[in-house]
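> Kindly generate the corresponding structure for this input.
(2 chains)
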Protein chains: 2
Amino acid sequence: MKRAEIISVGTELLMGQVANTDAQYISSKLPEAGIYVYSHTVIDDDAGRVREAVVHAYERADIIILTGGLGPTQDDLTKKAVADLFEVGMKRDADTVAKIEKYFRKIGKEMAPGNLSQADFPEHSIILGNSCGTAPGCVMLFKNYAPKVMAPAKADKMIAMLPGPPRELQTMFDNELLPMIKAMSKSVFKSRYYTICGVPESEVERRLLDKIEGSTNPNVATYVGKGYVTVRVSCSGEKEDEVKKTLRNFDSLMKKRFGEDLVSTRGESVQQNFLRRMKERELSFSCAESCTGGLVAELVTSVPGASSVLRAGIVTYSNLAKIELLGVASETIGAFGAVSAETAADMAKGVALKCGTDVSVAVTGNAGPGVMEGKEQGLVYIAAWYRGEIEVGEFRFGGGRENVRMRAAVTALDMARRLVLRKSPEKKPAK
Amino acid sequence: MKRAEIISVGTELLMGQVANTDAQYISSKLPEAGIYVYSHTVIDDDAGRVREAVVHAYERADIIILTGGLGPTQDDLTKKAVADLFEVGMKRDADTVAKIEKYFRKIGKEMAPGNLSQADFPEHSIILGNSCGTAPGCVMLFKNYAPKVMAPAKADKMIAMLPGPPRELQTMFDNELLPMIKAMSKSVFKSRYYTICGVPESEVERRLLDKIEGSTNPNVATYVGKGYVTVRVSCSGEKEDEVKKTLRNFDSLMKKRFGEDLVSTRGESVQQNFLRRMKERELSFSCAESCTGGLVAELVTSVPGASSVLRAGIVTYSNLAKIELLGVASETIGAFGAVSAETAADMAKGVALKCGTDVSVAVTGNAGPGVMEGKEQGLVYIAAWYRGEIEVGEFRFGGGRENVRMRAAVTALDMARRLVLRKSPEKKPAK
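Model prediction:
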């Protein structure tokens, strides 16, 4: 099994301003390519330190991935440090120059001279496109210690340089680098991601313990996502057919063990799955939010194409806004409080009628910090509406404010998803 | 200035199941003790790897902090590996044994034999109490390469071993280890964070180039946050007064060079700053969103205490919702389109009147992917309302859908912040 080391360059990491989520992301993806991660290292924006770290890693690893230090500013120096180490020059790439110039014309701002350094790469590099920013990445492949442009399958070492901003890194890694790493590692690897909502991670793990413990092929791991749990199953083999069959069998096993809690067998997020099912049924959606403060609407609209489903979302933080904008009865709030099943139901009904939608959800609760009107932090009521029928759930979410909000928002969409599947099992509903 | 290295032990980090927030936490605290963090390293649960990493760090750093690997399970081996490396034995601590036994009696569970290994420490260790769990930490102090129990101020090297679970680590670090590190360090170190909105990172850097290049004290760096830029300035010295004076001078310099674009001299995010200024002026807020889909409301409500400012937010994804919920004139949409300055202005006015707020913002644009009604991706109109007066801005944001949405939402709050500061420079407005 090939070994990888991840070297992250950035003073902001050593100052503790951000956690090293880049190394985490890459590490979570490499097992599916059959690569074992040997270590992470974080170092300062300093050319000497970069060279030292790469020398050290080059002795031990087949694949070295550097993150950060590709931007236009002074402390971005990764590519030059690597070029110096292997005694190759830097070469300006005309295509990249054109792209950077086009980008600045588009945003109508003047380009600082430093921006063009993003178009400089060590000789013998393969450039990795950046669809989310201006800093491209690059890869150098080595055979017998010499850098050379060649097919990844022929190389015995690889050094990749990726940008630090997480979104740019993740997109570039998935679309450009991972396929090259897979080609370098030679056997067939496939992964599948299962989305589970409504079951805590420890319980997901318990139900899959026979598959997690002592089994390396398929290799199974669980991850806590944003408000839900993901199970990754990676399988490797000589032949594609065998690998596919193993994964198909795993689909059946997951359906048997998780039932309605299994949101997706293809790694969709809860919001993606919910939107797809709403579209298939031509149903319209609205939401009313108190403690989630816009997060339900934000999750839905973060999926491209949400406009055909979402009619409107209303964030009512004050009682007055709940009454005036959603038509919640002031008696309901008076008798049961703003954080109550009754208010949640009134909100869901109110927003659905106001916006004329088939489906709606409403969330009201105490995200914290502290106790509010006698309701403890984490207590949340969620109501889901489907053409006049309402279901309400009471939840207690642990963790801090951010976690409560995220869990509540995702759970709201999951409740709506379950309700829609129950009420409208066929894709096209009778209108 | 003394140097620290952080070595984190744990396969779960190398598998990408969690980010290394322990290293982040410690790194964010060490500067205040005048300690410079030289590197982070993450390695497997393996005694040989632990020894190798400590040897390497011992050459370069004064303080080595190991995190993880103190629990009772098989793969927890940090203390033993360090003891072996320095050729000292392990010693069972009677107080710790008593505490562990008491804990198991309290929770009514039987103790596994492995649990007692948590009471074993390398000889010459100082034990660090764990108020949140059963695994204590420990510190070894060195003088002339020999471990010895002594006052921290007399030591020239320190190796600390802390538990991996974040809550246990943070409490132990703050209460037990940090005071010892401060006693060992003899200089003062302070950092300040400046928030800048409306200026790209490369331009921020250009304006500070004289302070960034070749200057190590104060040390200046820029990085891109979510929709804005942060400048970090770190300064060290013998005396606290001198350090504070240097930073005060930097405040003036930043105000001179960035003017209204300087949102905060104390690291507040745009949304935190906006909310604080609204609260100081007792102003109320509402927002109307199209392409940001709830993100403006979400950013505002992610700050605790938003409820005293935000009355409501309305997400109107469809034209009908804009007309019905916000009172946008259908003629406006007909003549100029949904993505236009005119529609943005109608939305801001509509939501402010509907919710009866002093201030509002509205966002309409094309977040992409693709061209929409002839408007290119990234084109966004933002309107800000202050008691009947409206300002509208046209923006072109680069990057993908997520970036456009984040930039648009933060820019909207920044526009409102500027408008409020201009219209109501005093903290309490005439009502």
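
> So what touches stretch A:191-201?
Stretch A:191-201 is contacted from outside by A:32, A:204, A:222, A:224-225, A:227-235, A:247, A:250-251, A:254, A:258, A:261-270, A:273, A:410-411, A:414, using Cβ atoms under 8 Å, 6 or more residues apart in numbering or on different chains. Using the backbone N, CA and C atoms, a C-beta is placed for each residue, glycine as well.

> distance between the ends of it?
Distance between the boundary residues of stretch A:191-201 (Cα to Cα, to the nearest Å) amounts to 19 Å.

> Tell me how chain A divides into domains.
Listed by automatic domain parsing, the domain ranges of chain A are A:2-185, A:188-264, A:278-423.

> ok, the helix or strand of chain A at the bottom of the mean pLDDT ranking: who's next to it in the sheet?
Within chain A, confidence by mean pLDDT, DSSP states H and E is lowest for strand A:219-224 among all helices and strands, at a mean of 79. Applying DSSP bridges, strand A:219-224 is found paired with strand A:229-237 (antiparallel).

> Go ahead and name everything in contact with the strand it pairs with.
So strand A:229-237 is contacted by A:28, A:31-32, A:34, A:187-197, A:199-201, A:204, A:208, A:217-224, A:243, A:246-247, A:250, A:254, A:267 (Cβ under 8 Å, 6+ apart).

> Which of the residues you listed fall in strands?
Secondary structure from DSSP state E places A:188-196, A:219-224 of these in strands.

> Any idea how far stretch A:147-166 is from the middle of the chain?
Stretch A:147-166 sits 24 Å away from the centroid of its parent chain (Cα atoms, centre = their mean, to the nearest Å).

> do the same with stretch A:114-127
For stretch A:114-127, the distance to the chain centre is 28 Å (Cα atoms, centre = their mean).

> In PDB, list the C-alpha atoms belonging to that stretch.
Provided in PDB are the C-alpha atoms of stretch A:114-127 (Å, rounded to 0.1, in the frame of the first residue of the first chain):
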ATOM      1  CA  GLY A 114       1.900  39.700  -7.400                       C
ATOM      2  CA  ASN A 115      -1.100  38.000  -8.900                       C
ATOM      3  CA  LEU A 116       0.900  36.900 -11.900                       C
ATOM      4  CA  SER A 117       3.200  34.800  -9.700                       C
ATOM      5  CA  GLN A 118       0.200  32.400  -9.500                       C
ATOM      6  CA  ALA A 119       1.000  31.500 -13.100                       C
ATOM      7  CA  ASP A 120       4.500  30.400 -12.300                       C
ATOM      8  CA  PHE A 121       5.100  26.700 -11.800                       C
ATOM      9  CA  PRO A 122       8.200  24.400 -11.300                       C
ATOM     10  CA  GLU A 123       9.400  23.000 -14.600                       C
ATOM     11  CA  HIS A 124       8.000  19.500 -15.400                       C
ATOM     12  CA  SER A 125       4.800  20.300 -13.500                       C
ATOM     13  CA  ILE A 126       1.300  19.300 -14.500                       C
ATOM     14  CA  ILE A 127      -1.100  22.200 -13.800                       C
END
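
> Pull out the buried residues from it.
Neighbour counts over stretch A:114-127 (16 or more other Cβ atoms under 10 Å in any protein chain shown) mark A:114-115, A:117-122, A:124-126 as buried.

> Out of these, the closest to B:D93 would be?
Of all these, B:D93 sits closest to A:P122, with 53.5 Å by Cβ to Cβ.

> relative orientation of whatever helix or strand A:I314 lives in and strand B:310-316 in degrees?
Under the criterion of DSSP states H and E, A:I314 resides in strand A:310-316. Going by axes from the mean of the first three to the mean of the last three Cα atoms, to 10 degrees, strand A:310-316 is angled at 180 degrees with respect to strand B:310-316.

> Check whether strand A:310-316 comes near chain B.
Yes. On the criterion Cβ under 8 Å from any Cβ of the partner chain, strand A:310-316 is in touch with chain B at A:310-316.

> just to revisit the earlier point, for the domains of chain A, which one sits closest to B:V88?
domain A:2-185 (26.2 Å).

> What's the end-to-end length of the closest one?
Length of domain A:2-185, first residue to last, Cα to Cα: 7 Å.

> Could you do stretch A:178-195 as well?
22 Å.

> how distant is it from the center of its chain?
With Cα atoms, centre = their mean, you get 18 Å for stretch A:178-195.

> same question, stretch A:206-216
Distance of stretch A:206-216 from the chain centroid (Cα atoms, centre = their mean) equals 24 Å.

> Can you pull out the residues in contact with it?
A:205, A:218, A:220-222, A:231, A:253, A:257-258.

> Which one (most neighbours) among the residues you listed?
Neighbour counts for the contacts of stretch A:206-216, by other Cβ atoms under 10 Å in any protein chain shown, peak at A:V231, which reaches 26 neighbours.

> Name whatever forms a beta bridge with that residue.
Under the criterion DSSP bridges, A:V231 forms beta bridges with A:Y194, A:T222.
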